[in-house]
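S.K.: sharing a sequence plus its predicted fold:
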Amino acid sequence: LSELSETARRAVEAALGAGAAAAEAYAGRESGREVRVHGGEVESLTAATQTGVGVRAWIGHRVGYAYGTDLTEAGVGAIAARAAEAARVADEDEFAAPPQPARVEPLAGLSDPSVATSSADQVAALALEVERTALATDPRLAAVEQAVYADAAEAVAIASSAGVAGEYENSTCFAYLQALAEGENGRETGLGFGLARGPDGLDPAAIGAEGAERAVAMIGAVKPESRSCPVVLDPTVAASFAGLIGGGLGAGSVQRGRSPFAGRLGQEVASEAFVLYDDGRDPAGAASAPFDAEGVPRRRTPLIEGGELRAYLYDTYTANREGVASTGNAARGGYRSLPSVSASNLIVAPGELSAAQLLGEGVFVTDVAGLHSGVNPVTGAFSVGASGRAIRGGELAEPVREFTIAGELVSMLGGVAAAGAEARWVPFGGSVSTPPLLIGEMSISGS
Amino acid sequence: VNDLIDPAVAERVLARALANGGRFAEVFAERRRGLTMSIDESRIESVQSGAEEGAGVRVIEGSTTYFAHVDGLDPDDLERAAGEAAAALRGKRREPRALTAAEPGTPHPIAHRPEDVEAERKAALLRELDERGRAERAEIAQFTASYAEARREVSVANSDGLLSGDDRTRTRIGAQAVARRDDSVETGAETLGAHRGFELLEDDPGEIAAQAARKALTLLDARPAPSGSMPVVVGGGFGGVLFHEMTGHGLEADHIQKGASVYVGKLGEQVAQPLLNAFDDGRMRGEWGSDAIDDEGAPTQKTQVIEEGGLTSYLYDHLSAERDGVGSTGNGRRESFRHLPLPRMTNTYIAPGDATPEELIAELEHGFYAVSFAGGQVDPATGDFVFGVPEGYLIEGGKVTSPCRGATLIGNCLDALAAIDAVADDFFMKTGICGKGGQRVPVGTGQGHVRVGAMTVGGTER
């Protein structure tokens, strides 16, 4: 790890040498593997290592960025010089300034030794068990398109001329499958997944069974009638919507007037049943770390409570624009990207109702498609493809597919009638923990 | 072909990869360089410059692919990757064939290398876009634009003796406008991209800024889109994303071989009306989805996938072609050296028909006209697809009438494909970024206006 910090420190020095007035370097090293299985056999086994550094350089209030994989002295020098060069192209922005160092509390529980100690054969066996369990669940399950196990162990170091210095390690792993069930009118798919810090934290049988049950449940799906009705969002779907809401609460989009939550701080934006916070220190959340992508301590930030919008999420730049403090929500996709404001782990608070108690009449939505194309991030208006089950008389009834659900994010939040009692971690919409949500009324378009 | 990897080193790496057996080994080396910048609030920002090198080595034995990738192109790095890929194999050493330079494929010449153009000129271009977009009307409240150039030099060598390489430069600009009037806020976006250099931007790049602004402004007067099943006329160019989603993905041979496509067993069958012809063509000169060779060294080619309504071909990479006992169609693509190749589309399009766009519309008493598109998604196994239409219009009495916002088109592949009943002659191509298996690759989509007899429109009208 200290070697990585040393690389970051060298990069900062080189950027100052290349004419930067201030500089920050973010170095990352990751080793990972992935196993894909199909038909009882390993389809592919991947071993990967990545190391690189990204340098942010400030010249006055101009900022530039460069990254690369060549960590030799000459290589780091070239990256740093390109960062300074990039800063000269950018325009002055009075709020662009290097983050200041702050006291960082260590955070335990981010690494699981079983990532390092489990062999390729062991994790391949785990993926094969996911597939085997799915196939054994129901005779109508025709195949598993793919069962996948992947893990990564990552080390991160950050250094800056302002005195920021820190490093940490973490590990993550996941397994999922896409199960195929055979129905009279063709095939149905079902997704099952699990997330953990290491393979010992995964339950392959449960993952396989979930995919199989979801696929089989869709056999014989019909197009539902167009209408307005209550809708229950499965946690996988609720998480996707939570991700959209988290995006709209980032101060970057708010300040530029590109968020449905702009200008609504302190106002009523949801029903009291919908409680949302951002928590960058929950060890169970994949985005947790002692500090964010620019070295600012991660923390817990209540976003929506008592129906009211309580806070936006800030990185250093967006905080400078308003003269407030960063909430530790700078994020980046590794050393290749500039930090920008983003939710860490979004937590939707569980309510009191069991899954069964959420069901009255309406539609249980288990899958949505087209979220990247069917949502207007500025207004929050959305229309997305959906599939799931009809709900009648408090019970799940026939499967339904090929319909759209449409609405507007803020009015949807106002319509949350209840949150389920059981939350789970979902990798959609970022890193989200959410229970199922009952929405009083939504517009669905089918036949 | 290029200086990424010395042939002698490549032979050593392949020998190391086959040290524990395997019927096929390959090393894919790559150097990636890029520059991106954007303008927001009339300020140049997010200036980013990247330079990466690395290689991926794979070994295939039985039905298993063993893959390892490393950052860096030192011979030591490459051999380490080969050793890691071979680590899980337990067989007897195989010898790779001696390397010989392969057919290079059709190159896509770059007239004006973006890296030779001063960064200031790229910034000036963004300022021009900003001015053009904002000049459309005072109701343009926000405007952003981005510039991206990327060069990928790649080199492939495999144990069958293939040695090939390619040098790819892509340039792309995008514009996004936000229009505001009272409480209405609408957005419009447009892009221009190609497998070309800075010459792409020498005509009138500012036009995309004006187009994005006009889209946003049009939507200020739009009503919520209707809902229900109706005939849909799909606009040209990026309207081809419909065919990309509802047919292209289902023809990728990996989905077919796993039984996860509605097109399984349909080869040679009539899947569309006889007026429909469609292609995947990785050779179209300078197109966004074109390359000289695919990422396994196979020359790209023009593949007819639908001929007079009949399904004529799937899209193959090396591994899926080997499984079916056919040749690769040059569709083995990967996002980078950090990814395994998969069968992927290049430029996919519906060939132009005889009708005019006006005729397609004039014949409809009531319908929906989908003009701009925000991308789509398909589950190839079930055939269910969606596709976002931020800008559409009602068709009433054979005429285009009110603009509509926020529609999603939804349907099932086989039904929608069979329902295409007219294709117009106003063909053109547009750029897209296609995601599959966690990998994003540049793809072209294209068509003239196309009419689908019936499709479900999911709007927000109450």
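M.R.: All right, it came through fine.

S.K.: is residue 67 bridged to anything, and to what?
M.R.: You didn't say which chain, so I picked chain A. Beta bridges link residue A:67 to residue A:54, residue B:50 when assigned by DSSP bridges.

S.K.: chain B was what I was after
M.R.: Counting by DSSP bridges, residue B:67 forms beta bridges with residue A:46, residue B:58.

S.K.: measure it to residue A:45 for me?
M.R.: Here residue B:67 is placed at a distance of 7 Å from residue A:45 (C-beta to C-beta, to the nearest Å). In short, each C-beta sits where N, CA and C put it, glycine included.

S.K.: ok, now residue A:73?
M.R.: 35 Å.

S.K.: contacts only, for residue 445.
M.R.: Reading this off chain A. Contact analysis of residue A:445 by C-beta atoms under 8 Å, 6 or more residues apart in numbering or on different chains lists A:226, A:383, A:403-406, B:227-228, B:456-459.

S.K.: my bad, the chain I had in mind was chain B
M.R.: Contact analysis of residue B:445 by C-beta under 8 Å, 6+ apart lists B:237-241, B:243-244, B:347-349, B:429-430, B:432.

S.K.: same thing but at 6 Å, please
M.R.: Contact partners of residue B:445, counting by C-beta atoms under 6 Å, 6 or more residues apart in numbering or on different chains, are B:238, B:240-241, B:244, B:348, B:430, B:432.

S.K.: where does it land on pLDDT?
M.R.: You'll see residue B:445 listed with a pLDDT of 95.

S.K.: just residue B:228 next, same as before
M.R.: We have a pLDDT of 87 for residue B:228.

S.K.: what's the separation between it and chain A?
M.R.: Applying C-beta to the nearest C-beta, to the nearest Å, the value for residue B:228 to chain A is 7 Å.

S.K.: could you check which residue of the stretch 151-300 of chain B lies nearest chain A?
M.R.: Nearest to chain A in the stretch 151-300 of chain B, going by C-beta to the nearest C-beta, is residue B:227, at a distance of 3.8 Å.

S.K.: I'd guessed that residue sits against residue B:460; true?
M.R.: No - if you go by C-beta atoms under 6 Å, residue B:227 and residue B:460 don't touch, sitting 8.2 Å apart.

S.K.: ok now stretch A:76-84, how far from the chain's centre?
M.R.: 31 Å (C-alpha atoms, centre = their mean, to the nearest Å).

S.K.: I'd like the next helix or strand past the lowest-mean-pLDDT helix or strand in chain B.
M.R.: Every helix and strand of chain B was ranked by mean pLDDT, DSSP states H and E. The lowest is strand B:376-379, at a mean of 86. Per DSSP states H and E, the first helix or strand lying C-terminal to strand B:376-379 is strand B:384-396.

S.K.: how about that next one and chain A, any contact?
M.R.: Yes - judged by C-beta under 6 Å from any C-beta of the partner chain, strand B:384-396 and chain A are in contact via B:386, B:388.

S.K.: pairing partners for the next helix or strand after that strand, with directions?
M.R.: Following strand B:384-396 in sequence order, the next helix or strand is strand B:399-412 (DSSP H and E). Strand B:399-412 has the following sheet partners, assigned by DSSP bridges: strand B:223-224 (parallel), strand B:384-396 (antiparallel), strand B:450-458 (antiparallel).

S.K.: circling back to that earlier point, in PyMOL, select just the buried ones from the contacts of residue A:445.
M.R.: Typed into PyMOL, the line below selects the buried ones among the contacts of residue A:445, using 16 or more other C-beta atoms under 10 Å in any protein chain shown:
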select buried, (chain A and resi 226+383+403+404+405+406) or (chain B and resi 227+456+457+458+459)
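
S.K.: among the contacts of residue A:445, which two are most distant?
M.R.: Across these, no pair lies farther apart than A:405 and B:228, at 14.9 Å, counting by C-beta to C-beta.

S.K.: element containing the nearest residue to residue B:106 once chain neighbours are set aside, please.
M.R.: Nearest residue to residue B:106 in three dimensions, chain neighbours excluded: residue B:283, at 5.0 Å (C-beta to C-beta, 6 or more residues apart in numbering or on different chains). For residue B:283, there is no helix or strand it lies in under DSSP H and E.

S.K.: most tightly surrounded among the strands paired with strand B:399-412?
M.R.: Each of these was scored by mean neighbour count; the highest is strand B:384-396, a mean of 25, by mean count of other C-beta atoms under 10 Å in any protein chain shown.

S.K.: quick check: mean pLDDT of it?
M.R.: Per-residue scores along strand B:384-396 average to 91.

S.K.: centre of the chain to it, how far?
M.R.: Per C-alpha atoms, centre = their mean, the centroid offset for strand B:384-396 relative to its chain is 21 Å.

S.K.: can you pull out the residues in contact with that strand?
M.R.: With C-beta under 6 Å, 6+ apart as the test, strand B:384-396 has contacts from A:369-370, A:373-374, A:385, B:215, B:225, B:242, B:245-246, B:361, B:364, B:367-372, B:374, B:376-378, B:400-404, B:407-410, B:412.

S.K.: please, a PyMOL command that selects the buried ones among these?
M.R.: Remark: buried members of those, expressed as a PyMOL selection using 16+ other C-beta under 10 Å:
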select buried, (chain A and resi 369+370+373+374+385) or (chain B and resi 215+225+242+245+246+361+364+367+368+369+370+371+372+374+376+377+378+400+403+404+407+408+409+410+412)
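
S.K.: chain B contacts on the stretch 251-400 of chain A?
M.R.: So far as C-beta under 6 Å from any C-beta goes, the stretch 251-400 of chain A lies against chain B at A:338, A:369-370, A:372-374, A:378-379, A:381, A:383, A:385.

S.K.: is residue A:224 in a helix, a strand, or coil?
M.R.: coil (DSSP: H, G, I helix; E, B strand; the rest coil).

S.K.: residues in contact with the helix or strand where residue A:346 lies?
M.R.: Counting by DSSP H and E, the element that carries residue A:346 is strand A:345-348. For strand A:345-348, the surrounding residues in contact (C-beta under 6 Å, 6+ apart) are A:242, A:246, A:276-279, A:282, A:285, A:287, A:431-434.

S.K.: surely residue B:162 touches residue B:100?
M.R.: No - taking C-beta under 6 Å as the definition, residue B:162 is not a contact partner of residue B:100, at 7.8 Å.

S.K.: low-confidence stretches in chain B?
M.R.: B:1, B:461-462 (pLDDT under 70).

S.K.: apply 80 and report the result again.
M.R.: The model of chain B has pLDDT under 80 over residues B:1-2, B:375, B:459-462.
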